[in-house]
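Chemist: coords below, sequence missing:
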């Protein structure tokens, strides 16, 4: 468990680690070069490296999955910049705790010492608590480093986001996880008591979480194991179903790729075969379900809207029934998706719309479709001239809904298959109405 108490000296906190500390704590990086899997941040041209070289550390939000090094990076930043390090968790802290932290930081600032305030799970703070950071970040009383596993765009105030830089931490890949196991073996002075295949399965089971992997390794090191464990013995020992992977370490990714492409290629027999290969090998069913749910949106979309319903229903059925009964629902969803008409129109539309949104920034919608809940807003023209579509002859006003500075764009282009054929006919019908209205 992370240490959420402030330290008077961040460097001392890094150097003094009890001999009986958990393996993950003992292997916490001592410098940026020790960090694995995040070269885009700590490498020669990484964002954090550039900040440190420039001697200008800004407030940061670390966004990434669990066990990818968010806390470690915050501690290292304090060391590299000689800032006072103070850590709190939004789970255990309230308004009173924040007031105390800010008061102490102000005292340090008066004597020329700046504070790096690390807030774990910062998204757990409500909006008013997040607002309380703003004046202290603006005045430089604290350098805020927040950590979250949730999308900051949805969970953090826009005002706070505008004063911080969001840095994304990657899920640790198999290479990075393998490096962690090697470090653990070097620290303990002995190899993990597992076969190569079981080692690969152990890495795959971590799902990118370095802390989880080291905790599993610590369990193995603590036991008297006479001969290396294979995948099946490892799964039984750790009470966790482990997938069986081939020795070239590509089995897991090969099978999920084969499943996805068989679904896309509308081959239900092959798709069911690869699904069986993964589940029989011990793959986590919810991992497979997540991929099928994604597939239902990415490769089927509105060509058959029921595909997503079927995939989510399979997830609910598996949650309710468990294995092996719930695996039938996964097979049903797999077959439904494989036999459904295919379209990636929604997927392409989403990508194009996101690209356009980033490009156009903060353009204001036309005034006629702005909400006017106050008299002042009505007086300045909000909502004026809005056409209520239900009062139109065709239930379609044909109004322009795009910002004045922007030409209408076409993101969604439905295919002529499945339900999207009807959607295309409907869109064409509305487009013809628009032309007729423009001529009249």
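Modeler: That came through fine. This is a predicted model, so every value here is computed, not measured.

Chemist: going by C-alpha atoms from here, please, whenever you check contacts or count neighbours.
Modeler: OK.

Chemist: surely residue 27 meets residue 184?
Modeler: Yes: with contact defined as CA atoms under 8 Å, residue 27 reaches residue 184; the gap is 7.3 Å.

Chemist: of those two, which one has the most company?
Modeler: residue 184 (22 against 17; other CA atoms under 10 Å).

Chemist: where's the more buried one relative to residue 219, distance?
Modeler: Look at residue 184 and residue 219: by CA to CA, to the nearest Å, they are 12 Å apart.

Chemist: next one: residue 187
Modeler: From residue 187 to residue 219 the distance is 15 Å (CA to CA).

Chemist: and residue 67, by the same measure?
Modeler: Taken as CA to CA, the span from residue 67 to residue 219 is 17 Å.

Chemist: more neighbours, these two?
Modeler: residue 67 (20 against 12).

Chemist: contact partners for the nearest residue to the more buried one once chain neighbours are set aside?
Modeler: With sequence-adjacent residues excluded and distances taken as CA to CA, 6 or more residues apart in numbering, residue 67 is closest to residue 209, at 4.4 Å. Residue 209 is in contact with 65, 66, 67, 68, 171, 172, counting by CA atoms under 8 Å, 6 or more residues apart in numbering.

Chemist: quick one: which two of those residues are the most distant?
Modeler: 66 and 172 (9.8 Å; CA to CA).

Chemist: look at the two and report which has more neighbours.
Modeler: Neighbours per residue (other CA under 10 Å) separate residue 66 from residue 172, with residue 172 holding more: 23 against 19.

Chemist: angles on the backbone of that one, please.
Modeler: phi -70, psi 130 (degrees, to the nearest 10).

Chemist: and it, how far is that from residue 200?
Modeler: 14 Å.

Chemist: got it, and residue 166?
Modeler: 32 Å.

Chemist: between the two, which is the more surrounded one?
Modeler: residue 200 (26 against 18).

Chemist: secondary structure element for that one?
Modeler: helix 196-205 (DSSP states H and E).

Chemist: I'd like the next helix or strand past that helix.
Modeler: helix 210-221.

Chemist: pLDDT below threshold where in the chain?
Modeler: 1-17, 19, 239-251 (pLDDT under 70).

Chemist: switch to 80 and redo it
Modeler: 1-20, 55, 207, 239-253, 281-282, 361-362, 440 (pLDDT under 80).

Chemist: longest helix of it?
Modeler: Ranked by residue count, the top helix of the chain under DSSP state H comes out as helix 418-439.

Chemist: buried sites along that one?
Modeler: 418, 419, 420, 423, 424, 430, 433, 434 (16 or more other CA atoms under 10 Å).
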